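> sequence and computational prediction follow.
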Amino acid sequence: GLTTIIRTNGNVSSGFDGQVAKRVFIIRPANNNNLNLTLTLSYNELELNSQAESNLKLWRADENSSVWERILSTVDVTNNRITATNITKLSQWTFSGISVRRFTANGNAAGNWDVQENWNPIGIPTFGDSAYILPTKECIIPNNVSANVGSLSIEGTLTVTDDETLNVFGHFQKIGSGVFNSNNGLVNFNGSNQSIDVFSFHHLLFSGTGSQTIAGAMTIPGNVSILSNDTLNVGAYPISVQGNWSNSGVFVSTSNVTFNRNDNTDQNISGSQFNNVVFSGNGIKNITGNLRVNGNFQIGGGITVSTVNTIDSIKGDWLNSGTFSPGNSTIVLNGANQNIETSNFNNITFSGTNTKTALGAFSITGNVKIENNSSFDAGTFSHSVNGNWITNGTFISAGTITFSGSSDSVSGTASTTFYNVSASNSLFLL
């Protein structure tokens, strides 16, 4: 069918605050449905209106509208053309080097995210846009609005009204004294290899790919979720989490992670790799998956840490001022020299190298295993064991081991020398 193309020159399109080339195309096809086109439009360098030619992109708006959408496109500065592929709709087109939608609040001090006229160029940001909250401006994400953006820079204030979701596909940047009031909101980082400055976040979701990198120490009053295919990297910065921790991806840290919920509500922590992990606040901390701790495992006073069927490996010290409820778990102490404070255990395995030293009495409802090349120094304390004892390494004791099971055994490839030993029932030497 007939396609009409109108080109106008000399005037700038409304909605850009002047930062746009002085050329507009209006394309009216006979059929504007189910298109899949490659579109190439030419420009004149004299009409660029001080736009950097290498930064030019195509922008599209409905005819007679000032609400513009930036289109993924490629500029050919030699032949003065811009090309975009996979175009599904023809309408009004122009050129601009703008890469960021600025929140101006339409001249007011504050305004809502979902009002097109509050942005320049006019239009609500999408994943294809970068957005910038100007200083002295407050952008509000109102009730029942889910906001989407590519990269986001805040020099003014961004406020989530209640529990709305902000989806960020690019970087999250703080400029100067920029403020993010998250209230009960969720920020979903769903891009690839994103950098994230420190703000007052509430709930955090990492659902993208690659590695999402936190740029500073952070306190998170809500939940943290890391989905598969994503990596959260906090580097050497400590973080504290007051909500639940769910990780089916990768977590990277060389510092402390503190779980410090303090409203007497259970806090759930899924399997993860940590450097140092600290449990504080109050209530019960439920470990729902296997932990791999490269540093210390610390339970604060008044805290109960509960596991069920996990196998948890600890390379640092075991520090316990509270209560450890082991369930059917196995604790593997597989570092070098390690100190272990008084605790309850189910199964406990001493592996790795050097000596694991008891700093208090243990109550062990399962088995004790000392691996080859590892040494367990039980000190002068009295330890109770309700399972089997396997020595393949070295055992040192100046205290008492009490076997309280119905049919416990002592075995292994190395000899076991007890200082004092007693058995409530049968003890088999294998």
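Okay, I see it.
> flag the shaky bits of this structure, pLDDT-wise.
Within the chain, the ranges that satisfy pLDDT under 70 run 430.
> give the bridge partners for the closest residue to Phe297 other than its chain neighbours, please.
Spatial nearest neighbour of Phe297, excluding adjacent residues (Cβ to Cβ, 6 or more residues apart in numbering): Ile314 at 4.9 Å. From N, CA and C alone the C-beta is placed, and that goes for glycine too. Following DSSP bridges, Ile314 is listed with bridge partners Val293, Leu333.
> how about Gly216: what's its closest non-neighbour residue?
Val198 (3.8 Å).
> quick one: contacts for the one you found?
Residues near Val198 by Cβ atoms under 8 Å, 6 or more residues apart in numbering: Lys174, Ile214, Ala215, Gly216, Ala217, Met218.
> only whichever of those are buried, select them in PyMOL.
Buried residues among the contacts of Val198 (16 or more other Cβ atoms under 10 Å), as a PyMOL selection:
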select buried, resi 174+214+215+218
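> can you redo the contacts of Val198 as TSV with secondary structure and distance to Arg81?
As requested, those are exported to TSV (DSSP: H, G, I helix; E, B strand; the rest coil; distance: Cβ to Cβ, whole Å):
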residue	secondary structure	distance to Arg81
Lys174	strand	38
Ile214	strand	42
Ala215	coil	39
Gly216	coil	44
Ala217	coil	49
Met218	strand	46
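> with distance to Ser343 as extra columns, can I get the contacts of Val198 in JSON lines?
Below are the contacts of Val198 laid out as JSON lines (distance: Cβ to Cβ, whole Å):
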{"residue": "Lys174", "distance to Ser343": "42"}
{"residue": "Ile214", "distance to Ser343": "32"}
{"residue": "Ala215", "distance to Ser343": "36"}
{"residue": "Gly216", "distance to Ser343": "34"}
{"residue": "Ala217", "distance to Ser343": "29"}
{"residue": "Met218", "distance to Ser343": "30"}
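> report the two of the contacts of Val198 separated the most.
Lys174 and Ala217 (13.7 Å; Cβ to Cβ).
> next up, the contacts around the residue of the chain most remote from its centre.
Distance from the C-alpha centroid of the chain, by Cα atoms, centre = their mean, peaks at Leu2 (52.3 Å). Listed by Cβ under 8 Å, 6+ apart, the contact set of Leu2 reads Ala30.
> just say helix, strand or coil for the nearest residue to Val12 once chain neighbours are set aside.
Distance criterion Cβ to Cβ, 6+ apart; nearest residue to Val12, sequence neighbours excluded, is Val20 at 5.1 Å. Following DSSP: H, G, I helix; E, B strand; the rest coil, we place Val20 in the coil state.
> test my guess that Val20 contacts Gln51.
Yes - applying Cβ atoms under 8 Å as the test, Val20 and Gln51 come out as touching, 7.2 Å apart.
> ok, the two, which is more surrounded?
Comparing Val20 with Gln51 by other Cβ atoms under 10 Å, the one with more neighbours is Val20, at 25 against 19.
> one step back: which phi and psi values does the residue nearest to Val12 adopt?
Here is the backbone geometry of Val20 (degrees, to the nearest 10): phi -160, psi 150.
> now swap in Leu46 and tell me
Dihedral angles (degrees, to the nearest 10) for Leu46: phi -70, psi -10.
> what's the answer for Gly15, then?
phi 100, psi 0.
> burial measure for it, as a count.
Counted with other Cβ under 10 Å, Gly15 comes out at 21.
> show me the contacts for it.
Taking Cβ under 8 Å, 6+ apart, one finds Ala61, Ser66, Val67, Trp68, Asn120, Pro121, Ile122, Gly123 in contact with Gly15.
> tell me which two in those residues are the farthest apart.
Greatest spacing in those, by Cβ to Cβ: Ala61 and Asn120 (13.7 Å).
> before we move on, the earlier item: give the contact list for the residue nearest to Phe297.
Going by Cβ under 8 Å, 6+ apart, the list of residues near Ile314 reads Leu291, Val293, Asn296, Phe297, Ile331, Val332, Leu333, Asn334, Gly335, Gln338.
> just checking, the third one touches Asp317?
Going back to what we said before, that points to Asn296. Yes - Asn296 is within contact range of Asp317, at 4.8 Å (criterion: Cβ under 8 Å).
> on that earlier part again, okay, and which of the contacts of Gly15 map to strands?
Ala61, Asn120 (DSSP state E).
> rebuild the contacts of Gly15 as a markdown table, extending it with neighbour count and distance to Val77.
Output for the contacts of Gly15, formatted as a markdown table (neighbours: other Cβ atoms under 10 Å; distance: Cβ to Cβ, whole Å):
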| residue | neighbour count | distance to Val77 |
| --- | --- | --- |
| Ala61 | 22 | 24 |
| Ser66 | 16 | 28 |
| Val67 | 16 | 28 |
| Trp68 | 27 | 22 |
| Asn120 | 21 | 26 |
| Pro121 | 26 | 22 |
| Ile122 | 22 | 27 |
| Gly123 | 21 | 26 |
